[in-house]
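# Could you work out the structure for the sequence below:
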Amino acid sequence: MLGDRTSGGGSSGDRPLGSTSPDDISSAGTAGRRALVLVENLSVPFDRRVWQECTTLRDAGWEVHVVCPRGSKRDTEPEAVIDGVRIHRYPLRAATGGPAGYLREYGAALWHTLRLARAVGPVDVVHACNPPDLLFLPALWLKRRGARFVFDQHDLVPELYLSRFGRGEDLLHRAVCALERLTYRAADIVLATNESYRDVAVRRGGRRPADVFVVRSAPDIERFHPVPPEPELKRGKPHLLCYLGVMGPQDGVDYALRALARLRDELGRTDWHAVFVGAGDTFDAMVELAGRLGLSEQVEFTGRVPDADLVRYLSTADVCLSPDPRNPLNDVSTMNKVLEYMVMGRPVVSFDLKEARVSAADAAVYAPANDESAFAEHIARLLDDPEKRALMGKIGQERISGPLSWRNSQASLLAAYAAACRGLAPAPAGGPYRPGRRPRR
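Predicted coordinates for the structure are as follows:
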């Protein structure tokens, strides 16, 4: 399952999207080089966006290393070589107890990242994926040893802070803004995951438009495709509603549950069963909220499930839910769950967010921001209109296989790497670099 929130977008810098193919870029002097990808937020290959980037680089001739945390139930080996990508994992305990817990988590992650980066040895490109906006520190250490720094901005951390903690623009908010500025300043190239994020990199980060490339996340269409529906998943009801994704304070699962209570109480609809697939910081609280709302018999929480089970639920679902409320982060972010609903041909109910419309277009219907009653009404209308549901599903699949396809993002990623490598000495003719000291530049 993909992580819940990632941004999607349009063109790369000033270049028209899709104007350069991955095959064209792979022969542009980048083959035989070494890249080190730094991730703190998720393990790899569980982080699907990062894994797609790694395999794209591998196919273009790069030797790819990844430093990331170990997973709790998967990706648990400290070292692994998967499909030619070398993964170096470190133990990490997720933050608890508020900001102090995050400081402990990030401090441990930085120490392990530096330790493993030293073991990997010299690289041509260090590719750091936020959050947090602290990985510029090991990236700077590698820059001093000749690497170019590509900053892959998965989240706008200042907006994430405001949306997650509700503390306002306090001292910690000013600190995360400063860290973001330092990361922008240190980077040679920025990967923005949608046009909204690209605008922030140019406007707030002071980056040249030509140095900011949009690399949209996209589902793996070979891995996620519909299978025959399984009516038993509906638990005897005519319809199945499905939520997929992370369950954190900013993800709107509480909005979805209250909307379902209104669907039952205000609209008199009990002809549905709902499945919430995923986990996160608020999982237990959401199970408790469902109980308080009297939804325990109609709402099922599965936790994280294998891909095969996820596909079964989505293939059976009549309507999928994207209840992320409007806040400083969500309005400019595209949710992975929306893209996964679309690739599976499912109609979507969303709140009216800027980037939700960019991604889903007519594959979704949009309730006024944060209006739970309107959200429930949109669900009811779709349940009563199977023809519209089928049309919306077809539109979503066409968008994912067309303008939103990963192949378009591959071209932008490889163009970004080609730009980062301009001016570097040619890669050795005999193949990838091996650990060993190179002159500082």
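
# Just the strands from this structure, written as ranges.
34-39, 63-69, 79-82, 85-90, 125-129, 148-153, 189-192, 212-214, 239-244, 272-277, 299-303, 319-322, 348-351, 364-367 (DSSP state E).

# Adjacent strands (with direction) for the third one?
Okay, so that is strand 79-82. strand 85-90 (antiparallel) (DSSP bridges).

# Equivalent analysis for the last one, please.
The strands beside strand 364-367 in its sheet (DSSP bridges) come out as strand 348-351 (parallel).

# Alpha carbons only: can I get the strand it pairs with in PDB?
What follows is strand 348-351, C-alpha atoms only, in PDB (Å, rounded to 0.1, in the frame of the first residue of the first chain):
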ATOM      1  CA  VAL A 348     -14.200   9.000  -5.500                       C
ATOM      2  CA  VAL A 349     -16.000  11.400  -3.000                       C
ATOM      3  CA  SER A 350     -13.600  14.200  -1.900                       C
ATOM      4  CA  PHE A 351     -13.700  17.500  -0.200                       C
END
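
# and it, average pLDDT?
Taken as a whole, strand 348-351 has a mean pLDDT of 98.

# If you count neighbours, what's buried in it?
Neighbour counts over strand 348-351 (16 or more other C-beta atoms under 10 Å) mark Val348, Val349, Ser350, Phe351 as buried. In this view, the C-beta of every residue, glycine as well, is placed from N, C-alpha and C.

# In CSV: these, plus distance to Cys320.
As requested, the buried residues of strand 348-351 are exported to CSV (distance: C-beta to C-beta, whole Å):
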residue, distance to Cys320
Val348, 5
Val349, 7
Ser350, 9
Phe351, 14
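
# Closest one to Ala427 out of these, please.
Proximity of the buried residues of strand 348-351 to Ala427 (C-beta to C-beta) peaks at Val348, which lies at 44.1 Å.

# how much space between that closest one and Gly396?
Val348 is 7 Å from Gly396, where distance means C-beta to C-beta, to the nearest Å.

# what do the two both touch?
Common neighbours of Val348 and Gly396 are listed as Tyr341, Met342, Ala360, Ala363, Ala364 (criterion: C-beta atoms under 8 Å, 6 or more residues apart in numbering).

# how about the lengthiest helix in the chain as CSV, C-alpha atoms only?
When the chain is parsed with DSSP state H, its longest helix is helix 99-120. The C-alpha coordinates for helix 99-120 follow below in CSV (Å, rounded to 0.1, in the frame of the first residue of the first chain):
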residue,chain,number,x,y,z
PRO,A,99,7.8,17.4,19.4
ALA,A,100,10.3,16.0,21.9
GLY,A,101,9.7,12.5,20.5
TYR,A,102,10.3,13.7,17.0
LEU,A,103,13.6,15.3,18.0
ARG,A,104,14.7,11.9,19.5
GLU,A,105,13.5,10.1,16.3
TYR,A,106,15.2,12.5,13.9
GLY,A,107,18.4,12.6,15.9
ALA,A,108,18.7,8.8,15.8
ALA,A,109,17.8,8.8,12.1
LEU,A,110,20.5,11.4,11.2
TRP,A,111,23.2,9.4,13.1
HIS,A,112,22.3,6.2,11.4
THR,A,113,22.1,7.9,8.0
LEU,A,114,25.5,9.4,8.2
ARG,A,115,26.9,6.1,9.4
LEU,A,116,25.5,4.1,6.5
ALA,A,117,26.3,6.8,4.0
ARG,A,118,29.9,6.6,5.0
ALA,A,119,29.8,2.8,4.4
VAL,A,120,28.3,3.3,0.9
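
# what's the angle between that helix and strand 34-39?
Here helix 99-120 runs at an angle of 160 degrees relative to strand 34-39 (axes from the mean of the first three to the mean of the last three C-alpha atoms, to 10 degrees).

# ok, residues contacting helix 99-120?
Where contact means C-beta under 8 Å, 6+ apart, the residues beyond helix 99-120 that reach it are 36, 38, 40, 65, 67, 69, 88, 90-95, 126, 132, 134-135, 137-138, 141-142, 165, 172, 435.

# Recalculate using a threshold of 6 Å.
Contacts to helix 99-120, defined as C-beta atoms under 6 Å, 6 or more residues apart in numbering, come from residues 36, 38, 40, 65, 67, 88, 90, 92, 95, 132, 134, 138, 172.

# per-residue confidence at the residue nearest to Pro347 when sequence neighbours are not counted?
In this structure, Pro347 finds its nearest non-sequential neighbour in Met392, 3.8 Å apart by C-beta to C-beta, 6 or more residues apart in numbering. Predicted confidence (pLDDT) for Met392: 98.

# For Arg58, see how far away Met392 is.
36 Å.
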